[in-house]
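below: sequence and its predicted model.
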Number of protein chains: 2
Amino acid sequence: MAEPEIRELRYFRAVAEDLNITRASERLGIAQPPLSRAMRALESRLGVALFDRSDPRRISLTEAGETLLKESAQVLDSLDAAVRRTRRAGSQTAALVVTAKPGTATDLLNFVARELRDEPGAPAIQFEVSGFGEQVERVMDGRADLAIIGSPHLDNALAQEVLAVEGRMAALPVGHELASREVLSVADLRGQVFSHRAGQTVAGSNYWSGQRDGRPAGTPVGPVVQDSSQMLEVIALGQAIALLPVTFTQRNLRPDIVYRPVPDAEPYTTVIAWKPGHPSPWIPRYVEAAKRWSGLPR
Amino acid sequence: MAEPEIRELRYFRAVAEDLNITRASERLGIAQPPLSRAMRALESRLGVALFDRSDPRRISLTEAGETLLKESAQVLDSLDAAVRRTRRAGSQTAALVVTAKPGTATDLLNFVARELRDEPGAPAIQFEVSGFGEQVERVMDGRADLAIIGSPHLDNALAQEVLAVEGRMAALPVGHELASREVLSVADLRGQVFSHRAGQTVAGSNYWSGQRDGRPAGTPVGPVVQDSSQMLEVIALGQAIALLPVTFTQRNLRPDIVYRPVPDAEPYTTVIAWKPGHPSPWIPRYVEAAKRWSGLPR
DNA sequence: AGCCCGGCATACCCTGGAGGTATGGCGGAA
DNA sequence: TTCCGCCATACCTCCAGGGTATGCCGGGCT
């Protein structure tokens, strides 16, 4: 009835993930019997059945097991984050790490860095570029402290403040039939725009097949891009269309791509996000400075 | 260089809290030497100095130690939450627990419960009343899943959605000199209203002395109340004034108390809050239902 | 039917490390 | 000086986490 140890949670996660104690034990680098015992010990500690063993040759998760799988992910994440942040705090350069998509928010960061430069004891800002959708993960596991993210981003695991809301433009290859029109609507673009799923950005949402070719649902079929320059290449080649925030289009003018406003597209929201309960007292200061910036005329 | 175990984090927290290994070991129920060793082992695992031992007869926390103290609190909280939620998920009645201040939001909860009653597999709602400011804690440690909170509530450890914003009324004892006026302003009430600090609600913020009588700063001197009925008693006795949301005043008419609008008071915001990353897929459904309610005319 | 195989559980052994006791070192107060 | 408070070191004990060997059970193959 006591409390579980970290090791038990890692073991449980491995078992719950492939629902096979023998394989999980190999992945974990231990023998099968200790793992069997560890799982039974965990169940008796919690006083709850985590596995359904009614079928003697395969196990499945009970409701409680499903709950623990998700909850333990949080525990392990926060432990990783604790270790990373502690190590970072110890290694002299106690900088706050800000992670953002390439090309975004350089002026924001310059502003924030300038705003707090004079504050006594203010940590330096270390800027870091990360790929699409990677920001949330990096903040969650402690590799970064603040993230500049463009919505939509699905979960609400992070605390956040809105910095900017802007309209979208469709990025089309020159010569595209829609390029002749001055204003577009989302209906015109259906099935051709990039979509974000499972941490990947894929050209043309119609390429997402439900169950095509026997692949599991959600497997991308179209080209997958990692950053915005790749995305622009794919667009220039006519393989997809993107709905991009206006400030981005102003910074990425290319001779082979034209931009057209799409007034009815969902607006693009830029938020600054951080892990709830982050230990640094400077987080709110930086967020506040970022919001001052967002109020500025541009 | 490996990862710390839960036990080590609990030990560290105890040591970091009273900065005295000997006393901490007594609190933990173990001898002093093992605790000393455990702390050194933790430091070598993390590869970081957590304690400053330059003064040989007292230890203090390094920057990294301060970081780990705050971060480990999160880890331990999320572990407690994981255990609690798992146990709850296992013990048949897999209800979602909603916690709220007494007297609030009964119609909201009725609405939400009705909205999702027909959904197949929807868990029941178990309503729970908790004292001032206790809601956040209960959600964080897994005893509750959703909280109805009135702002201001300081930290942003929880994800939340705004349900209602309403004006405030000043609650005065009948015969109070201000009761003769029809409309008041916050300036009229300065130093007499209830204030929330350190999880306590205290009558008359002027009773909060900085350092009076040698007590540490922040010690309440005025009466401390646990719930709204106690608060109304204190008001009726003329010991303090409260700034209450209008819907509350409509439900709590008393012959010995009069309410007067205070248009310039900070509005009262009711939010529904939950722990980021909560495993239940029903959380967003319930939040959505609550927002439908908040759009309703009343 | 008989056999083998995949998969989990049980029995038993071994060892590392967590925790205990005893004691030393160090600085400050009396 | 002496004593006290406090942390560190030395050395011992013992348990629990891990390993090996083996059993049980159901299903598929011949």
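Everything's here; your move.

for the stretch 1-150 of chain A, what lies in contact range of chain B?
For the stretch 1-150 of chain A, the contact set with chain B under CB under 8 Å from any CB of the partner chain comprises A:3-7, A:9, A:46-50, A:62-64, A:66-75, A:78-83, A:85-87, A:89-91, A:94, A:142. Every C-beta, even on glycine, is put in place using the N, C-alpha and C of the backbone.

just the buried ones from the residues you listed?
Among these, those scoring as buried are A:4-6, A:9, A:46, A:48, A:50, A:62-64, A:66-75, A:78-83, A:85-87, A:89-90, A:94, A:142 (criterion: 16 or more other CB atoms under 10 Å in any protein chain shown).

tell me which of those fall in helices.
Among those, the ones falling in helices (DSSP state H) are A:6, A:9, A:46, A:63-64, A:66-75, A:78-83, A:85-87, A:89-90.

centre of the chain to stretch A:84-97, how far?
Centroid displacement of stretch A:84-97 relative to its chain, using CA atoms, centre = their mean, to the nearest Å, is 22 Å.

now swap in stretch A:259-273 and tell me
Stretch A:259-273 has its C-alpha centroid displaced from the chain centroid by 18 Å (CA atoms, centre = their mean).

next, the buried residues of that stretch.
A:259-262, A:265, A:268-273.

is it possible to get a markdown table of these that adds secondary structure, pLDDT and distance to residue A:36?
Formatted as a markdown table, the buried residues of stretch A:259-273 follow (DSSP: H, G, I helix; E, B strand; the rest coil; pLDDT from 0 to 100; distance: CB to CB, whole Å):
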| residue | secondary structure | pLDDT | distance to residue A:36 |
| --- | --- | --- | --- |
| A:259 | strand | 89 | 60 |
| A:260 | strand | 90 | 61 |
| A:261 | strand | 91 | 61 |
| A:262 | coil | 88 | 57 |
| A:265 | coil | 83 | 54 |
| A:268 | strand | 84 | 51 |
| A:269 | strand | 85 | 49 |
| A:270 | strand | 84 | 50 |
| A:271 | strand | 85 | 45 |
| A:272 | strand | 88 | 47 |
| A:273 | strand | 88 | 41 |
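
which members of those residues are the farthest-apart pair?
Using CB to CB, the buried residues of stretch A:259-273 span at most 30.3 Å, a distance reached by A:260 and A:273.

residue contacts, residue A:289?
A:111-112, A:115-116 (CB atoms under 8 Å, 6 or more residues apart in numbering or on different chains).

now with 7 Å?
Listed by CB atoms under 7 Å, 6 or more residues apart in numbering or on different chains, the contact set of residue A:289 reads A:112, A:115-116.

format the residues you listed as JSON lines; extra columns: neighbour count.
As requested, the contacts of residue A:289 are exported to JSON lines (neighbours: other CB atoms under 10 Å in any protein chain shown):
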{"residue": "A:112", "neighbour count": "25"}
{"residue": "A:115", "neighbour count": "17"}
{"residue": "A:116", "neighbour count": "18"}
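
out of those, which is nearest to DNA strand C?
Nearest to DNA strand C among the contacts of residue A:289 is residue A:116, at 37.9 Å by CB to the nearest atom of the strand.

I'd say the closest one and residue A:284 touch.
No - counting by CB atoms under 7 Å, residue A:116 does not reach residue A:284; the two are 11.5 Å apart.

the strand or helix carrying residue A:126 to helix A:63-90, inter-axis angle?
When elements are assigned from DSSP states H and E, residue A:126 belongs to strand A:125-129. Per axes from the mean of the first three to the mean of the last three CA atoms, to 10 degrees, the angle that strand A:125-129 makes with helix A:63-90 is 130 degrees.

same for strand A:125-129, what does it pack against?
strand A:96-100, helix A:106-115 (3 or more CB pairs under 7 Å, 6 or more residues apart in numbering or on different chains; DSSP states H and E).

show me what counts as buried in it.
Neighbour-count burial for strand A:125-129 flags A:125, A:127 (criterion: 16+ other CB under 10 Å).

please apply the same query to stretch A:171-180.
Within stretch A:171-180, the residues that count as buried by 16+ other CB under 10 Å are A:171-173, A:176, A:179.

give the contact list for residue A:25.
Residue A:25 neighbours (CB under 7 Å, 6+ apart): A:31-32, A:35.

ok now the helix or strand where it lies, how far from the chain's centre?
In the assignment (DSSP H and E), residue A:25 maps to helix A:21-28. Put simply, helix A:21-28 sits 29 Å off its chain's centre (CA atoms, centre = their mean).

same thing with stretch A:237-254?
Stretch A:237-254 has its C-alpha centroid displaced from the chain centroid by 21 Å (CA atoms, centre = their mean).

just to revisit the earlier point, which among the helices and strands packed on strand A:125-129 is found nearest to DNA strand D?
For the helices and strands packed on strand A:125-129, proximity to DNA strand D was assessed by CB to the nearest atom of the strand; strand A:96-100 is nearest, at 30.5 Å.

run me through the strand neighbours of the closest one, direction for each.
Each strand paired with strand A:96-100, and its direction, by DSSP bridges: strand A:125-129 (parallel), strand A:146-150 (parallel).

and the last one, C-alpha only, in CSV?
What follows is strand A:146-150, C-alpha atoms only, in CSV (Å, rounded to 0.1, in the frame of the first residue of the first chain):
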residue,chain,number,x,y,z
LEU,A,146,10.1,29.1,-22.6
ALA,A,147,8.6,28.4,-26.0
ILE,A,148,7.2,30.6,-28.7
ILE,A,149,4.6,28.6,-30.3
GLY,A,150,2.1,29.2,-33.1
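
and stretch A:286-298, which residues are buried?
In terms of neighbour count (16+ other CB under 10 Å), stretch A:286-298 has its buried residues at A:286-287, A:289-290, A:293-294.

need the residues of chain A near DNA strand C, please.
Selection of chain A residues close to DNA strand C by CB under 7 Å from any atom of the strand yields A:19-23, A:32-33, A:36-37, A:39-40, A:53, A:56-59.

low-confidence ranges in the stretch 51-200 of chain A?
The model of the stretch 51-200 of chain A has pLDDT under 70 over residues A:56-57, A:92-94, A:101-106, A:131-133, A:151-155, A:191-200.

hmm, back to that, could the contacts of residue A:25 go into a markdown table alongside distance to DNA strand D?
Formatted as a markdown table, those follow (distance: CB to the nearest atom of the strand, whole Å):
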| residue | distance to DNA strand D |
| --- | --- |
| A:31 | 3 |
| A:32 | 7 |
| A:35 | 7 |
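
now, which of the residues you listed lie within strands?
Using DSSP state E, no member of these falls in strands.

how about those in a markdown table, adding pLDDT and neighbour count?
Output for the contacts of residue A:25, formatted as a markdown table (pLDDT from 0 to 100; neighbours: other CB atoms under 10 Å in any protein chain shown):
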| residue | pLDDT | neighbour count |
| --- | --- | --- |
| A:31 | 88 | 11 |
| A:32 | 91 | 15 |
| A:35 | 93 | 20 |
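
pick the one among the residues you listed closest to chain B.
residue A:35 (17.8 Å; CB to the nearest CB).
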